[in-house]
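[1] Please work out how this folds:
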Amino acid sequence: MNDLAESVESMEQLAAVWRAMVIDRDAGADVRDLPGIAVRWADCRFAFWNCITLTEVGADAELVGQRLGEAADIMRAKRHPGFLWLFEDLLGDGAGSALETAAERAGLQYAFPGTGMAGDLLPIPEPVHPDLTFVRVTSDEQLRAYADLNSRAYGFPLEDGRDGLGGSALWKNEVHAYLGMRGDVPVACAATVEADGRLFVVLVATDPEWQRRGYGEAVTRKALYEGARATGLTRATLHATAAGAPVYPRIGFKPNSPIRFYTLRG
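    Got it, this is the predicted structure:
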């Protein structure tokens, strides 16, 4: 795959996975595919389940500005805040240099960076870590622990993560979600889910008290190992935050498009 194809794949994986995730959260969720815009908005407290992304390839500055305005209008009509994900490599000539002005005009503010990543890296060896055991999420209690790890890692109130994941049948059955346990304490988590012939890595988190010990990498490897064993898939994709970006190449992922996350200006 060339770089642009991988960036398109990264955007399409977001749209596919998030459609399933937000419908799981709310069967009436907003999952419209509009001209140039994919809406994947559960309108819940968990901000990651409230998502919009731009889908056109090569849009010029004028069209990108128009889409940002349309996306911001959709976001303003919702009860709960969320993120606009913008894949930089999909922008046409001139749109990148005009992006910040266009975002400001639309009433959006830059929140944080991310990176799309992918690789034909599966299967991988079964992972081990001297400090950890791995437990698959199959109960509501384990799912709550998974949600709480994400909330702590991303600085959300605990209730936000629980509102996003609590009671989900999808996460307890179809998602290959794992906790990394240090004794009886869950310290890290990662999950994979099948999406259009790929294994997508989702909601990796490590408790801030236990970071920089390799726990996130180990539990991500476990979710990939078990997901690949169950599905037979060989290609994996993910969207990395700045904290995770140095970790995933060690597993075999290669970066593609930078991602810019935007929120409504407060």
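
[2] is it true that residue 80 lies in a helix?
    No - read with DSSP: H, G, I helix; E, B strand; the rest coil, residue 80 is coil and lies in no helix.

[3] Next up, the contacts around it.
    The contact partners of residue 80, taken as C-beta atoms under 8 Å, 6 or more residues apart in numbering, are 43, 44, 45, 47, 50. (Glycine included, C-beta is placed from N, CA and C.)

[4] Enumerate every residue touching the closest residue to residue 46 other than its chain neighbours.
    Among residues not flanking residue 46 along the chain, residue 164 sits closest, at 2.5 Å (C-beta to C-beta, 6 or more residues apart in numbering). Taking C-beta under 8 Å, 6+ apart, we find residue 164 in contact with 25, 42, 44, 45, 46, 48, 49, 147.

[5] Run through who's touching stretch 126-137.
    142-143, 146, 171-172, 175-182, 186-189, 191, 213-215, 218-219, 221-222, 225-226.

[6] mind checking how far it is from the chain centre?
    Here stretch 126-137 is found 22 Å from its chain centre; the criterion is C-alpha atoms, centre = their mean, to the nearest Å.

[7] any idea how far residue 167 lies from residue 3?
    Taking C-beta to C-beta, to the nearest Å as the measure, residue 167 falls 40 Å from residue 3.

[8] partners of the helix or strand encompassing residue 202, with directions?
    Assigned by DSSP states H and E, residue 202 belongs to strand 198-206. Strand 198-206 pairs in its sheet with strand 185-195 (antiparallel), strand 236-241 (parallel), by DSSP bridges.

[9] Nearest to residue 111, out of those strands?
    Taking C-beta to C-beta, strand 236-241 is the member of the strands paired with strand 198-206 nearest to residue 111, at 11.0 Å.
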